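Visitor: sequence-free structure coming up:
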């Protein structure tokens with residue numbers, strides 16, 4: 001059975017992969033407990049019980065099985081699978097032994113090089129960001145491509161802080177990108193996105209706080225967040241570059257607008273404070289909600305609503321073909337509003353009309 005350009009015919013693949021991922025999550029959980037692949041509670045974490053970290057492995061296996069048995073794209077996907085495998089293994093080692101930030105950064109950069117030199121995927125321009133003319137990158141294409149990919153990987157990794165949030169962000173972004181890829185006739189990209197969205201959906205059913213889950217039963221871990229971050233980065237750049245691009249680059253920025261600005265703010269602040277930009281802390285947007293007294297469910301719902309807002313802007317701009325430079329200036333305005341709110345939160349200990357606690 002091959003994926004086709006109609007949404008109706010994509011459903012069997014998506015639902016089958018979701019079911020496969022769900023089963024794999026359940027099967028891998030006992031193994032995680034036996035080998036100690038668990039996320040233990042700590043002062044900077046929200047959860048209160050040791051939780052298996054095999055969501056990433058389940059998603060990867062479900063993706064691999066579906067790709068090789070239900071589509072004709074296995075050979076074409078080898079470089080992508082290699083980069084994702086590198087991120088999965090690096091993340092699993094980090095989950096088990098806490099690799100240093102420099103090692104993770106180097107491995108992420110190598111995975112990006114596989115994308116560039118293994119598949120020829122390079123961001124050649126930023127589109128018409130500031131005027132009607134195209135802002136080309138020239139000899140800066142490769143370093144900027146690596147920089148942008150690293151930004152997406154780490155933005156997604158840092159968003160993985162509360163139950164169900166990162167998987168929901170991926171499902172939203174991946175679904176929209178699959179739709180845009182289908183519209184552009186890019187069947188390989190659409191097929192891969194539908195498969196991985198399905199695999200993530202199966203994981204989401206055990207990770208989010210739903211009626212049958214009082215808390216997350218399983219986590220992505222660094223293995224899963226870096227795997228999905230790498231996959232997102234690959235698709236964002238591939239679909240937003242070249243003559244047959246599915247969307248303009250600014251559309252990709254709006255699709256992942258909230259994680260990108262939150263991560264940029266945090267990394268910049270850590271650098272100014274003389275700390276490693278990869279240090280963990282409690283100054284993410286979701287920490288602001290939690291420290292202001294919102295529940296985990298309310299925090300996840302509010303952040304999902306913000307992601308849906310930026311996604312709606314992306315879809316509307318894409319469909320109505322808004323000028324790219326207007327969307328760029330609009331995103332700058334969104335960023336300034338966000339930075340003002342967060343500065344007030346941490347400097348005045350007030351967030352959305354509530355006092356902010358010093359700790360969770």
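Guide: Noted; the coordinates are in hand. Since this is a predicted model, take the numbers as computed values, not measurements.

Visitor: Which strands or helices does the helix-or-strand element of the chain with minimal mean pLDDT pack on?
Guide: Counting by mean pLDDT, DSSP states H and E, the weakest-scoring helix or strand in the chain turns out to be strand 38-39, with a mean of 80. Other elements packing on strand 38-39 under the criterion 3 or more C-beta pairs under 8 Å, 6 or more residues apart in numbering; DSSP states H and E are strand 51-52. In short, each C-beta sits where N, CA and C put it, glycine included.

Visitor: again, only using 10 Å
Guide: In terms of contacts (3 or more C-beta pairs under 10 Å, 6 or more residues apart in numbering; DSSP states H and E), strand 38-39 is packed against strand 51-52, helix 78-97, helix 221-239.

Visitor: Tell me which of those is the most buried.
Guide: helix 221-239 (a mean of 28; mean count of other C-beta atoms under 10 Å).

Visitor: Check the average confidence over that one, would you?
Guide: The average pLDDT within helix 221-239 is 95.

Visitor: same question, stretch 169-186
Guide: If you average the pLDDT over stretch 169-186, you get 94.

Visitor: Who are the contact partners of the nearest residue to residue 24 once chain neighbours are set aside?
Guide: Leaving aside its chain neighbours, residue 24 sits nearest to residue 58 (3.9 Å; criterion: C-beta to C-beta, 6 or more residues apart in numbering). Contacts were defined as C-beta atoms under 10 Å, 6 or more residues apart in numbering; by that measure residue 58 touches 20-29, 52, 199-200, 202-203, 206, 218, 220, 224.

Visitor: again, but for residue 316
Guide: Contacts here follow C-beta under 10 Å, 6+ apart; on that basis residue 316 touches 254, 322, 327.

Visitor: Inside strands: which ones of these?
Guide: When these are checked against strands (DSSP state E), there are no matches.

Visitor: so where is the stretch 51-200 of the chain shaky, pLDDT-wise?
Guide: The stretch 51-200 of the chain contains residues with pLDDT under 70 at 132.

Visitor: again, only using 90
Guide: Low-confidence segments of the stretch 51-200 of the chain (pLDDT under 90): 51, 69-72, 95-102, 127-138, 154-164.

Visitor: That one: helices as residue ranges?
Guide: Along the stretch 51-200 of the chain, counting by DSSP state H, counting those that start in this stretch, helices occupy 55-70, 78-97, 101-113, 119, 141-159, 165-183, 187-207.

Visitor: quick one, what contacts the most centrally placed residue in the chain?
Guide: Among the residues of the chain, the smallest C-alpha distance to the mean C-alpha position (C-alpha atoms, centre = their mean) belongs to residue 156, namely 3.8 Å. Contacts for residue 156 were tallied using C-beta under 10 Å, 6+ apart; they are 166, 169-170, 173, 220, 224-233, 256, 259-260, 263.

Visitor: Would you mind measuring from the closest residue to it other than its chain neighbours to residue 253?
Guide: Leaving aside its chain neighbours, residue 156 sits nearest to residue 229 (3.6 Å; criterion: C-beta to C-beta, 6+ apart). If you measure residue 229 against residue 253 using C-beta to C-beta, to the nearest Å, the figure is 16 Å.

Visitor: Repeat that for residue 174.
Guide: Look at residue 174 and residue 253: by C-beta to C-beta, they are 16 Å apart.

Visitor: cool, and residue 115?
Guide: Note on residue 115: its distance to residue 253, by C-beta to C-beta, is 18 Å.

Visitor: Also residue 215?
Guide: 33 Å.

Visitor: So for the two, which sits in the more crowded spot?
Guide: Just comparing residue 215 and residue 253: by other C-beta atoms under 10 Å the higher neighbour count belongs to residue 253, 22 against 13.

Visitor: Quickly find the element holding the nearest residue to that one once chain neighbours are set aside.
Guide: With sequence-adjacent residues excluded and distances taken as C-beta to C-beta, 6+ apart, residue 253 is closest to residue 331, at 5.9 Å. Following DSSP states H and E, one finds residue 331 within helix 324-348.

Visitor: Within its sheet, name the partner strands of whichever helix or strand comes after that helix and how each one runs.
Guide: Heading C-terminal from helix 324-348, the first helix or strand you meet, by DSSP H and E, is strand 350-351. With DSSP bridges as the criterion, the sheet partners recorded for strand 350-351 are strand 354-355 (antiparallel).
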